[in-house]
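J.: structural data only, the sequence is not supplied:
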């Protein structure tokens with residue numbers, strides 16, 4: 001979009017050149033000087049219009065860059081959030097699997113331990129009785145010594 005100051009300034013400049021040339025041709029110093037003055041005014045107004053156009057273009061470019069940066073930043077944030085959610089979901093799933101496996105294995109370990117103790121007790125019932133009595137006596141001593 002061209003600023004109106006550029007168009008008006010161009011018209012003043014052209015009019016000033018024509019007036020100056022006519023003044024020079026007819027020998028009118030006043031018209032010649034007035035024409036040069038209008039020519040200079042037109043050039044100044046054109047320069048002002050160009051500066052406004054350039055400032056508008058720069059502001060538009062900055063706005064475009066800022067919008068692009070915002071869009072890219074938003075996309076990066078969404079991607080990071082999605083990746084984090086995926087990692088959390090995966091960690092939860094793996095943790096649940098590990099816990100389920102540990103729970104299942106613990107039941108197996110308890111049953112294996114019960115079988116092993118039962119087998120030892122059946123092989124040596126007297127030794128098992130003595131060990132159980134010693135453990136009971138030790139617990140009784142601990143409980144009574146705290147009072």
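T.: Looks like it arrived, so ask away. Since the model is a prediction, treat every value here as computed from it, not as a measurement.
J.: use CA for all of it now, contacts and neighbours both
T.: Will do.
J.: so where's this structure uncertain?
T.: Scanning the chain for pLDDT under 70 picks out 1-2, 146-147.
J.: give me the most central residue, it.
T.: Geometric centre of the chain, nearest residue: residue 77, 3.6 Å, by Cα atoms, centre = their mean.
J.: so where's the longest helix in this protein?
T.: Counting by DSSP state H, the longest helix found in the chain is helix 29-123.
J.: distance from that helix to the middle of the chain?
T.: With Cα atoms, centre = their mean, to the nearest Å as the basis, helix 29-123 stands 3 Å off its chain's centre.
J.: helices or strands up against the very next helix or strand once past that helix?
T.: As assigned by DSSP states H and E, the chain's next helix or strand after helix 29-123 is helix 125-145. Applying 3 or more Cα pairs under 8 Å, 6 or more residues apart in numbering; DSSP states H and E, one finds that helix 125-145 makes contact with helix 29-123.
J.: give me the angle between the helix it packs on and helix 125-145.
T.: Helix 29-123 runs at 120 degrees relative to helix 125-145, counting by axes from the mean of the first three to the mean of the last three Cα atoms, to 10 degrees.
J.: which strands or helices does helix 29-123 pack on?
T.: If you count contacts as 3+ Cα pairs under 8 Å, 6+ apart, helix 29-123 packs onto helix 4-26, helix 125-145.
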